[in-house]
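Novice: A structural model of the following input is requested.
(chains A and B)
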Amino acid sequence: KAGVTQTPRYLIKTRGQQVTLSCSPISGHRSVSWYQQTPGQGLQFLFEYFSETQRNKGNFPGRFSGRQFSNSRSEMNVSTLELGDSALYLCASNPLRDRGPYEQYFGPGTRLTVT
Amino acid sequence: EDKVVQSPLSLVVHEGDTVTLNCSYEVTNFRSLLWYKQEKKAPTFLFMLTSSGIEKKSGRLSSILDKKELFSILNITATQTGDSAIYLCAVDISGGGADGLTFGKGTHLIIQP
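Specialist: Residues are numbered from 1 along each chain as shown, chains lettered A, B, ... in the order given. Take a look at the predicted model:
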């Protein structure tokens, strides 16, 4: 079974630009979560999607947004990029068939550098 | 505010040693505690613990949870250089991932030959 895939793996953008990252969960997994990882803050929860609905969002500004498609693939978007947005963005999926709990499986991440 | 604290933050040992990594937590609604190993990019799943006192084991790695004292430990015996990584502890408060995992800062483990 293929794992979580993320594209692109690396991105370099300049301040003020916007970026879209993509995540395909493990086949059959319906819940997708996004995390930002930085050396200073560690791994922080951005948001989670299930059945095309954002169920929760972490403490991030409105410049960070996302969506999920009917095939469970998810995208996240960051608008008006700032230098502090440079980070590894990780996507995780879990099967979420009933009440759980479930382990989450991570993709390889997208390394975003903002210059 | 939910909090997960790992200790030590870094650890250097020699190959063959046994290490114990610690994770304590304070969360509003505990559902499970998870351990991950992160080498280059993606954290890879090691264990999920939900019940107190039941040890999870995989090869040289084992982990146990104490829900009364709100902590977990990850043991690695007969360490090898391939065990060098950042070990992350995370707590799930929703069971289905809706609230995301709350992570500790990680323990950076270095195994010297």
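
Novice: CA atoms for contacts and neighbours, from now on please.
Specialist: Fine.

Novice: next SSE after the helix or strand of chain B with the lowest mean pLDDT?
Specialist: Within chain B, no helix or strand scores below strand B:101-103, which has a mean of 91 by mean pLDDT, DSSP states H and E. Following strand B:101-103 in sequence order, the next helix or strand is strand B:107-112 (DSSP states H and E).

Novice: Could you list the paired strands of that next one along with their orientation?
Specialist: Strand B:107-112 has the following strand partners under DSSP bridges: strand B:10-14 (parallel), strand B:85-92 (antiparallel).

Novice: Pull the CA coordinates from that strand and hand them back as CSV.
Specialist: What follows is strand B:107-112, C-alpha atoms only, in CSV (Å, rounded to 0.1, in the frame of the first residue of the first chain):
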residue,chain,number,x,y,z
THR,B,107,14.7,14.1,21.9
HIS,B,108,17.7,14.3,19.6
LEU,B,109,19.4,10.9,20.1
ILE,B,110,23.0,10.4,18.8
ILE,B,111,24.5,6.9,18.9
GLN,B,112,28.3,7.0,18.6
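
Novice: what does chain A have sitting close to chain B?
Specialist: A:31, A:33, A:41-49, A:55-58, A:90, A:94, A:96, A:99-109 (Cα under 8 Å from any Cα of the partner chain).

Novice: From those, list the buried ones, please.
Specialist: Taking 16 or more other Cα atoms under 10 Å in any protein chain shown as the criterion, what is buried in those is A:31, A:33, A:42-49, A:55-57, A:90, A:94, A:96, A:101-109.

Novice: who's in contact with the closest residue to A:F64 other than its chain neighbours?
Specialist: Take A:F64 and drop its neighbours on the chain: the residue closest to it by Cα to Cα, 6 or more residues apart in numbering or on different chains is A:V78, 4.7 Å away. Shown in contact with A:V78 (Cα atoms under 8 Å, 6 or more residues apart in numbering or on different chains): A:18-20, A:63-65.

Novice: Please report the distance of A:V78 from chain B.
Specialist: A:V78 sits 19 Å away from chain B, going by Cα to the nearest Cα, to the nearest Å.

Novice: got a list of what the residue minimising distance to the centre of chain A touches?
Specialist: With distances taken as Cα atoms, centre = their mean, A:W34 lies nearest the centre of chain A, 2.9 Å away. Counting by Cα under 8 Å, 6+ apart, A:W34 makes contact with A:45-48, A:76, A:89-92.

Novice: For the residues you listed, give me JSON lines that also has pLDDT and secondary structure.
Specialist: Shown next, in JSON lines, are the contacts of A:W34 (pLDDT from 0 to 100; DSSP: H, G, I helix; E, B strand; the rest coil):
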{"residue": "A:F45", "pLDDT": "93", "secondary structure": "strand"}
{"residue": "A:L46", "pLDDT": "96", "secondary structure": "strand"}
{"residue": "A:F47", "pLDDT": "92", "secondary structure": "strand"}
{"residue": "A:E48", "pLDDT": "91", "secondary structure": "strand"}
{"residue": "A:M76", "pLDDT": "98", "secondary structure": "strand"}
{"residue": "A:Y89", "pLDDT": "98", "secondary structure": "strand"}
{"residue": "A:L90", "pLDDT": "97", "secondary structure": "strand"}
{"residue": "A:C91", "pLDDT": "96", "secondary structure": "strand"}
{"residue": "A:A92", "pLDDT": "94", "secondary structure": "strand"}
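
Novice: Turn those into TSV, including distance to B:L70.
Specialist: Formatted as TSV, those follow (distance: Cα to Cα, whole Å):
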residue	distance to B:L70
A:F45	22
A:L46	25
A:F47	26
A:E48	26
A:M76	34
A:Y89	29
A:L90	27
A:C91	27
A:A92	25
